[in-house]
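Engineer: Below is the sequence, then the predicted model.
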Amino acid sequence: MEKLLDQVTAVVIQAGRKLLEGYAETARPANKAEMAVAGRRLDELVTGIVKPGLADIRPEARWAGEEQEMAALPAGEWWVVDPIEGGVNYVHGMDQWAVTATLVRDGVPVLAVVHQPVGDRTWTALQGGGAFLNGEPLSVSAKTDVDAAIVTMTQPRTQNRRFGDAVATLLASVLFIRSTVPSTFPQLDLAAGHVDAYWQYECDLVGVAAGVLLVSEAGGVVTDLQGRPWKPGQSGILAAAPGVHKELLSLLQAEDVH
């Protein structure tokens, strides 16, 4: 698997460098139509590099498409790839965008690579092998007090009232809350111990698969919002340092009861 990780990393970095060629801090789209056109172009550009590259490396693994975004994956190996995670940031000249590739086997992420071309940062993880940033090991926070916890989140597509109520509940108990897009970067911060938890309603597979493995391998706990081990197709996720996961889960579950 280590050889496979090296091969996947090389493909992902190649794609990221191609994206970097067209990136500009001065980029400012005028409207949603411009953003959509740019997003499609970037997706096609990176997919044209990553999809055949991964197929050459692991031809037996299937490619997870849009129809699998919110669904459970069938048994076997699947490549879960976000050609440009944080495309909205890319087209606005911000630096939090990346190429991500995760190998999911029988519903469990077993290999993940995230490359952020701006700053040349690469996160990697293998199941049972730890999580790393540019080769340096990562570890989640050691906090045990929820009132000291920094919680991150990504807004859902439709459940805005539920989301707002949950934010209000958590604000009464945690240190503070950050909301950000895309969903991968707060998970990377969690794996590195910069923040203490990440939660999301309506999470899509490409947005969380890499983070699930990186957080888990950095010592974190990742479940759905019922407290079950996270699997593709589950609509919500809570990833957190072990010392605060249980209490944060209770807070979110209590809010859902109301």
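Structural biologist: Nice, I can see it.
Engineer: gap between the closest residue to P182 other than its chain neighbours and S183?
Structural biologist: Spatial nearest neighbour of P182, chain neighbours left out: G86 (4.1 Å); criterion: C-beta to C-beta, 6 or more residues apart in numbering. Glycine gets a C-beta too; all of them are placed from N, C-alpha and C. Counting by C-beta to C-beta, to the nearest Å, the separation of G86 from S183 is 9 Å.
Engineer: for M35, same thing?
Structural biologist: Counting by C-beta to C-beta - M35 and S183 are separated by 18 Å.
Engineer: now swap in W123 and tell me
Structural biologist: Taking C-beta to C-beta, one finds W123 at 14 Å from S183.
Engineer: For the two, indicate the residue with more neighbours.
Structural biologist: Applying other C-beta atoms under 10 Å to W123 and S183 shows that W123 carries more neighbours, namely 27 against 24.
Engineer: show me where this structure has strands.
Structural biologist: Along the chain, the segments classed as strands by DSSP state E run 62-63, 77-85, 98-105, 108-116, 121-126, 130-133, 136-137, 150-154, 176-179, 197-201, 221-223, 236-240.
Engineer: What's opposite T223 in the beta bridge?
Structural biologist: Counting by DSSP bridges, T223 forms beta bridges with P229, L238.
Engineer: is it true that it touches L238?
Structural biologist: Yes. In this structure, T223 is within contact of L238 by C-beta atoms under 8 Å, at 5.6 Å.
Engineer: if you count what's nearby, which of the two comes out ahead?
Structural biologist: A side-by-side neighbour count of T223 and L238, using other C-beta under 10 Å, places L238 first with 24 against 19.
Engineer: Tell me which residue is most central in this protein.
Structural biologist: Residue closest to the average C-alpha location in the chain (C-alpha atoms, centre = their mean): T184, at 2.8 Å.
Engineer: pLDDT score for it?
Structural biologist: What the model reports as pLDDT for T184 is 95.
Engineer: need the contact list for it.
Structural biologist: D82, E85, G86, A98, T100, V114, G207, V208, A210, G211 (C-beta atoms under 8 Å, 6 or more residues apart in numbering).
Engineer: returning to what we had before: just checking, the residue nearest to P182 touches F185?
Structural biologist: Yes. With contact defined as C-beta under 8 Å, G86 counts as touching F185 (7.0 Å).
Engineer: Find residues that contact each of the two.
Structural biologist: By C-beta under 8 Å, 6+ apart, G86 and F185 have these common neighbours: Q96, A98.
Engineer: Burial check on the nearest residue in space to L42 that is not next to it in sequence, number of neighbours?
Structural biologist: The spatially closest residue to L42, leaving aside those adjacent along the chain, is I84, at 4.7 Å (C-beta to C-beta, 6+ apart). I84: 25 surrounding residues under other C-beta under 10 Å.
Engineer: and for T223 and L238, which residues touch both?
Structural biologist: Both T223 and L238 are contacted by H245, L249, under the criterion C-beta under 8 Å, 6+ apart.
Engineer: any idea where the helices of the chain begin and end?
Structural biologist: For the chain, applying DSSP state H gives helices covering 2-21, 32-57, 87-91, 160-171, 184-191, 205-217, 242-257.
Engineer: got a list of what I57 touches?
Structural biologist: I57 makes contacts with L4, Q7, V8, V11, as judged by C-beta under 8 Å, 6+ apart.
Engineer: Between which two of these is the distance greatest?
Structural biologist: Between any two of these, the greatest separation by C-beta to C-beta is 10.8 Å, found for L4 and V11.
Engineer: These two: which is more packed in?
Structural biologist: V11 (22 against 14).
Engineer: ok, the more buried one - contacts?
Structural biologist: Contact analysis of V11 by C-beta under 8 Å, 6+ apart lists I49, V50, G53, L54, I57, A101.
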